[in-house]
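A.B. asks: Mind looking at a prediction? Sequence and model below.
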Amino acid sequence: MPRIPEVQDAEATPAQKRLFDADRAAHGQVLNTTRIYAHRPEAIPALQGLHSALAEASNLPPALVSLARLRVAQINACPF
């Protein structure tokens, strides 16, 4: 169970529902991080900018980054 509760569809505001719809269009589902970030939708553009900047600055292949994320999730007993 996450420390910060995820925003569920039934309780989502119209702004949060727009975020969820964008995730479904892009990924086929709402990402867990989006459900957490949805508590502060105004912060999402800045968070996306940060994630993009980190990805662009990385020298690691994207597949290795994904594997590292999965391993960290496993170590922390966190569903991913």
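C.D. replies: All right, it came through fine.

A.B. asks: can you list the weak-confidence ranges in this structure?
C.D. replies: For the chain, residues meeting the criterion pLDDT under 70 lie at 1-2, 79-80.

A.B. asks: Pull the number of nearby residues for V30.
C.D. replies: 22 (other CB atoms under 10 Å). The way it works is simple: take the backbone N, C-alpha and C, and place the C-beta from them, glycine included.

A.B. asks: for L64, that is, sorry about that
C.D. replies: Neighbours of L64 using other CB under 10 Å come to 10.

A.B. asks: Next: I36.
C.D. replies: 15.

A.B. asks: What of Q16?
C.D. replies: 20.

A.B. asks: Kindly provide the distance from it to A73.
C.D. replies: 24 Å (CB to CB, to the nearest Å).

A.B. asks: ok, which stretches of this protein are helices?
C.D. replies: 14-27, 32-37, 44-57, 62-75 (DSSP state H).

A.B. asks: Switch the ones you listed over to JSON lines; also include distance to E6.
C.D. replies: Shown next, in JSON lines, are the helices of the chain (distance: least, CB to CB, whole Å):
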{"stretch": "helix 14-27", "distance to E6": "11"}
{"stretch": "helix 32-37", "distance to E6": "4"}
{"stretch": "helix 44-57", "distance to E6": "15"}
{"stretch": "helix 62-75", "distance to E6": "15"}
